[in-house]
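# got a predicted model here, sequence first, then my questions.
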2 protein chains.
Amino acid sequence: MNVASRPPTDTQPDALQKILEAAERTFAEHGFDGAGMKALATRAQVSQSLLHYHFGSKGRLYEAVIRNRSTLINDERRAMLDTCDLSAPDGLAQVFRALYAPALGPSGGGRAYARIFAGLIAGNARDQALVRDNYDETARSFIAAIRTCLPRVSGLEAAQIYLCALGVLATSLAKDGRAERLSRAPETPRTNEELVNTLVRFALGGAEAFQNE
Amino acid sequence: MNVASRPPTDTQPDALQKILEAAERTFAEHGFDGAGMKALATRAQVSQSLLHYHFGSKGRLYEAVIRNRSTLINDERRAMLDTCDLSAPDGLAQVFRALYAPALGPSGGGRAYARIFAGLIAGNARDQALVRDNYDETARSFIAAIRTCLPRVSGLEAAQIYLCALGVLATSLAKDGRAERLSRAPETPRTNEELVNTLVRFALGGAEAFQNE
DNA sequence: AGAGCTTGACTGATCGATCAGTCAGCGGCA
DNA sequence: TGCCGCTGACTGATCGATCAGTCAAGCTCT
């Protein structure tokens, strides 16, 4: 089909990438069950059979989308976390910035993966296993960092703080425009940097409320 | 089928209720697209046709589930909000308690509706309209209360605070057990009161971080 | 008798998955 | 150099299963 338009010396790694991108968008818009393999293949401009040829089943394609994106985000999160100065006065703010910025930046995949990520919170059986396999390890690093910054909180409290911070992220990612609608404010395009600052401020305040007990 | 076992003088208002309960549970476990009308009818112990007789379509049954539960929650929220003393030192804490407690109490429908609620955050087209119709009005009351308690925050900031607080709720509702797994703490059954206290503390700290600017 | 409720049987559409088969490119052999 | 045979990438056609929704007939009350 598009073979003739392809550069001749190019082996074709683009098909897999096109499928992953189309799958990410389609799963984001309709969820796992709502997304159809046929529509997904049409969007990727390949045949439906190719999806099964490369990924075997719908479930494994979904897993590949999650794994692909979560690896990008988590790698950047861990890199930023390593550069945090946990003993600095703003150490905890740096930690939350390392949590939020990668999900909102180029690695985060924009609104498309954001919806999938928010959906993971709903937590049916399939998603819970994916969260565990793709996010728990990095999550523990962040929880350890939170405990370093707030030595008086328990491990369970630190985990709760981490989850609350994640919930803040998920809401802000997916519910674009609702804040403006609820406050009747005009739709002003906010930069990712401004959004990160807002989230960090909220999470920081919430976390520190557990320190002063 | 179960007609014979029903008390004879009983008119059957239970069919509708059984359908709503089964629908809530099934939608919670599989999402809108993943839930099948046939399985749903089996769970409710009625025929699939009865679902269409009473609700017309799958979409309207879904809307009925959301409307039914959100009415219960929002009525209790507004009642609690009306009793808040916004000028008290813990006025904002009372507001967040009014936001959280009804969703976690008997009116909240337990884990079942919690999953649906968390899924609403993901925000595809259908869900966005439902959120607007069923939650925006009460949300504006809470945002106004937040502004009263924190007079220095703007309307948009107050809306963002409200959404962050909601995200905290959604995460805690759906991801049961993950905090314990991440912190390797034993699974301790926590009362709803303890959970509400934790959420209120976090949201209160996060909100007050916007006041001190 | 008649209205409201409930049922089983059924429909067309769409689902994910499978199949045999096409095609281009490449290494081995003459 | 030129041909053979293999392999990986990819496709259209089609499968059985399941989907939401429809319909006429039967039931139970009043």
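Yep, it's here.
# and chain A, which residues reach DNA strand C?
Within chain A, the positions near DNA strand C by CB under 7 Å from any atom of the strand are A:3, A:8, A:35-39, A:48-49, A:52-53, A:56-59. All C-beta spots, glycine's among them, are computed from the backbone N, C-alpha and C.
# any part of the helix or strand of chain A with the lowest mean pLDDT near chain B?
None of the helices or strands of chain A scores lower by mean pLDDT, DSSP states H and E than helix A:110-122, at a mean of 81. Yes. Helix A:110-122 is in contact with chain B by CB under 8 Å from any CB of the partner chain, via A:Arg115, A:Ile116, A:Ala118, A:Gly119, A:Ile121, A:Ala122.
# I figured the second one hits A:Glu29, correct?
The reference is to A:Ile116. No. Using CB atoms under 8 Å, A:Ile116 is not in contact with A:Glu29, being 9.7 Å away.
# which one of those two has more residues nearby?
A:Ile116 (27 against 17; other CB atoms under 10 Å in any protein chain shown).
# find the nearest non-adjacent residue to the more buried one, please.
Leaving out its chain neighbours, the residue that sits closest to A:Ile116 by CB to CB, 6 or more residues apart in numbering or on different chains is A:Ala28, at 5.1 Å.
# who's in contact with that neighbour?
Counting by CB atoms under 8 Å, 6 or more residues apart in numbering or on different chains, A:Ala28 touches A:Arg111, A:Ala112, A:Tyr113, A:Ala114, A:Arg115, A:Ile116.
# go through the helix or strand harbouring it and flag the buried ones.
Using DSSP states H and E, A:Ala28 maps to helix A:14-34. Neighbour-count burial for helix A:14-34 flags A:16, A:18-34 (criterion: 16 or more other CB atoms under 10 Å in any protein chain shown).
# quick one: mean pLDDT for that helix?
In this model, helix A:14-34 has an average pLDDT of 89.
# what does A:Tyr150 show for phi and psi?
Tyr isn't right for residue A:150; it's Leu. Main-chain torsions, A:Leu150, degrees, to the nearest 10: phi -120, psi 80.
# what's around the closest residue to it other than its chain neighbours, how many residues?
Spatially, and ignoring its direct neighbours in sequence, A:Leu150 is nearest to A:Gln211 (4.6 Å; CB to CB, 6+ apart). For A:Gln211, the tally of surrounding residues (other CB under 10 Å) stands at 15.
# quick one: secondary structure of A:Gln211?
Three-state call for A:Gln211 (DSSP: H, G, I helix; E, B strand; the rest coil): coil.
# just checking, it touches A:Val153?
Yes. With contact defined as CB under 8 Å, A:Gln211 reaches A:Val153; the gap is 6.4 Å.
# overlap in contacts, the two.
Counting by CB under 8 Å, 6+ apart, no residue touches both A:Gln211 and A:Val153.
# any low-confidence regions in chain A?
Applying pLDDT under 70 to chain A flags the ranges A:1-13, A:175, A:213.
# please parse it into its domains.
A:1-56, A:69-208 (automatic domain parsing).
# can I get the contacts of A:Ala28 in CSV with distance to A:Arg190?
Below are the contacts of A:Ala28 laid out as CSV (distance: CB to CB, whole Å):
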residue, distance to A:Arg190
A:Arg111, 13
A:Ala112, 18
A:Tyr113, 19
A:Ala114, 14
A:Arg115, 18
A:Ile116, 22
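# which one among the residues you listed gets closest to DNA strand C?
DNA strand C has its nearest neighbour among these in A:Ile116, at 15.4 Å by CB to the nearest atom of the strand.
# A:Asn124: what's its closest spatial neighbour, skipping adjacent residues?
B:Glu29 (6.1 Å).
# so the one you found makes contact with B:Gly36?
No. At 11.2 Å, B:Glu29 does not count as touching B:Gly36 under the criterion of CB under 8 Å.
# ok, the residue nearest to A:Leu150 - contacts?
A:Leu150, A:Arg152, A:Val153.
# which among these count as buried?
Neighbour counting with 16+ other CB under 10 Å marks A:Leu150, A:Val153 as buried within the contacts of A:Gln211.
# what's the closest of the contacts of A:Gln211 to A:Pro186?
The nearest member of the contacts of A:Gln211 to A:Pro186, counting by CB to CB, is A:Leu150 at 37.9 Å.
# list the contacts for that closest one?
Shown in contact with A:Leu150 (CB under 8 Å, 6+ apart): A:Leu92, A:Ala158, A:Ile161, A:Ala207, A:Glu208, A:Phe210, A:Gln211.
# mind doing that once more with 10 Å?
The neighbourhood of A:Leu150, defined by CB atoms under 10 Å, 6 or more residues apart in numbering or on different chains, consists of A:Gly91, A:Leu92, A:Glu157, A:Ala158, A:Ile161, A:Ala207, A:Glu208, A:Phe210, A:Gln211, A:Asn212.
# what's the closest of those residues to B:Gly167?
For the contacts of A:Leu150, the nearest to B:Gly167 is A:Ile161 (13.5 Å; CB to CB).
# the closest one: how many residues sit nearby?
Neighbour tally, A:Ile161, other CB under 10 Å: 29.
# with A:Gly110 instead?
If you count neighbours by other CB under 10 Å, A:Gly110 ends up with 15.
# quick one: contacts for it?
Counted by CB under 10 Å, 6+ apart, A:Gly110 has contacts A:Glu24, A:Arg25, A:Ala28, A:Leu104, A:Leu173, A:Asn192.
# now swap in A:Asn68 and tell me
A:Leu16, A:Gln17, A:Leu20, A:Glu21, A:Ala23, A:Glu24, A:Gly109, A:Tyr113, A:Asn134.
# rerun that using 6 Å as the cut-off
With contact set as CB atoms under 6 Å, 6 or more residues apart in numbering or on different chains, A:Asn68 has these partners: A:Leu20.
# and the next element down the chain from the one helix or strand it maps to?
Here A:Asn68, judged by DSSP H and E, is contained in helix A:58-82. Using DSSP H and E, the helix or strand that follows helix A:58-82 in sequence is helix A:91-104.
# ok and that following helix relative to helix A:110-122, angle-wise?
110 degrees (axes from the mean of the first three to the mean of the last three CA atoms, to 10 degrees).
# now do helix A:91-104: distance to the chain's middle.
The chain centre lies 13 Å from the centre of helix A:91-104; the measure is CA atoms, centre = their mean, to the nearest Å.
# same question, stretch A:23-40
That offset, for stretch A:23-40, works out to 17 Å (CA atoms, centre = their mean).
# same thing with stretch A:73-82?
How far stretch A:73-82 lies from its chain's middle: 13 Å, per CA atoms, centre = their mean.
# and that stretch, what's buried?
Neighbour-count burial for stretch A:73-82 flags A:Ile73, A:Asn74, A:Glu76, A:Arg77, A:Met80, A:Leu81 (criterion: 16+ other CB under 10 Å).
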